[in-house]
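Asks: The amino acid sequence is not available; the structure is as follows:
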């Protein structure tokens with residue numbers, strides 16, 4: 001594939017045109033955060049621009065540009081994208097806005113962990129640099145230092161939020177993967193997870209109860225008292241239903257790939273022991289495929305296949321076990 005001849009250059013602030021669309025998602029806080037970066041390290045973060053008759057239009061990095069401009073820089077480092085036409089420039093800008101290149105909570109925690117353990121940077125220095133509380137820094141660091149690798153991956157792919165993972169990090173490492181899988185499966189929120197973790201860590205909790213917390217947390221929750229701040233469901237997962245669905249799908253794909261590897265390597269004795277579970281899995285996958293096929297067909301180019309809105313399957317097309325869940 002031939003590479004487009006994009007160029008890197010310093011562009012004068014007066015030649016750059018802010019995007020009114022990107023302005024809708026650019027908060028004063030974003031600008032202040034980049035002003036802090038430029039104030040300490042200079043204008044080190046380039047913006048991406050497209051060329052137009054009026055100069056350069058910003059396609060990505062408006063907060064960075066405004067921070068440089070307000071800090072007094074006359075030039076800004078920029079990548080000039082060779083994209084022809086306003087429509088293509090908007091497509092590129094949209095695509096870039098949907099990508100979160102930074103690794104989020106997990107990479108933040110690892111940066112903090114490395115800085116404090118390898119380079120002797122204190123939490124006080126980090127609170128001043130980041131404008132975050134000591135508690136935030138400690139919780140982020142716990143994701144790097146106390147969380148198991150499989151659970152870190154669940155946070156990275158988006159099926160487990162960072163705040164909930166901070167609670168999971170308080171569990172024994174050998175229990176975290178199974179516990180986190182149960183959390184995602186049962187759709188537990190952060191408040192519920194906190195209560196379960198506290199119970200698991202209580203020295204008076206029986207071993208049978210601890211096992212239930214890890215494997216079947218929904219059987220334990222009804223026995224717990226309501227939290228002091230009110231309803232157990234008072235703190236909701238901040239992700240939208242679509243984000244949670246996408247995260248769960250990505251995690252399911254990872255588990256299926258792992259299962260496929262195990263099945264290929266398994267000997268006859270192992271397969272025989274797991275046969276009953278494989279039959280149950282086969283039945284569940286067949287039902288799931290019926291549901292997926294119906295949903296995908298509903299979004300096909302020929303239009304919805306059910307004669308209803310694509311967001312909802314007619315009840316008669318749903319496998320029986322999904323009625324009351326997906327069917328509303």
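Replies: Yep, it's here. A quick note: this is a predicted structure, and the numbers were derived from the prediction, not measured.
Asks: Can you give me the domain assignment for the protein?
Replies: By the assignment in automatic domain parsing, the chain contains the domains 7-97, 146-223, 267-328.
Asks: Name the stretch among the ones you listed that sits most buried.
Replies: Looking across the domains of the chain with neighbours counted as mean count of other CB atoms under 10 Å, the highest average goes to domain 146-223: a mean of 18. For every residue, glycine as well, the C-beta is placed using N, CA and C.
Asks: Let me know the average pLDDT across that one.
Replies: Mean pLDDT, domain 146-223: 93.
Asks: for stretch 266-278, same thing?
Replies: So the average pLDDT for stretch 266-278 ends up being 85.
Asks: same thing with stretch 56-72?
Replies: For stretch 56-72, mean pLDDT is 90.
Asks: First-to-last residue distance for it?
Replies: End-to-end distance for stretch 56-72, by CA to CA, to the nearest Å: 19 Å.
Asks: what's the offset of it from the middle of its chain?
Replies: Stretch 56-72 has its C-alpha centroid displaced from the chain centroid by 26 Å (CA atoms, centre = their mean, to the nearest Å).
Asks: and what of stretch 119-129?
Replies: Put simply, stretch 119-129 sits 26 Å off its chain's centre (CA atoms, centre = their mean).
Asks: Check what pLDDT residue 25 gets.
Replies: With respect to pLDDT, residue 25 has a value of 81.
Asks: Help me confirm that it comes into contact with residue 97.
Replies: Yes. In terms of CB atoms under 8 Å, residue 25 counts as a neighbour of residue 97; the distance is 7.2 Å.
Asks: And stretch 120-132, what's buried?
Replies: Buried residues in stretch 120-132, counted by 16 or more other CB atoms under 10 Å: 123, 126, 132.
Asks: and that stretch, average pLDDT?
Replies: Stretch 120-132 comes out with an average pLDDT of 89.
Asks: what residues does that stretch touch?
Replies: Applying CB atoms under 8 Å, 6 or more residues apart in numbering, the external contacts of stretch 120-132 come out as 33, 36, 40, 112, 115, 116, 133, 134, 137, 138.
Asks: which one of these sits closest to residue 158?
Replies: Taking CB to CB as the measure, residue 112 is the one of the contacts of stretch 120-132 closest to residue 158, at 21.0 Å.
Asks: Leaving out chain neighbours, which residue sits closest to the closest one?
Replies: residue 141 (4.6 Å; CB to CB, 6 or more residues apart in numbering).
Asks: so who does that neighbour touch?
Replies: Contact partners of residue 141, counting by CB under 8 Å, 6+ apart, are 109, 112, 113, 116.
Asks: same check, this time on residue 146
Replies: Applying CB under 8 Å, 6+ apart, we find residue 146 in contact with 169, 170, 173.
Asks: again, but for residue 134
Replies: Counting by CB under 8 Å, 6+ apart, residue 134 touches 123, 124, 127.
Asks: Cool, thanks, signing off.
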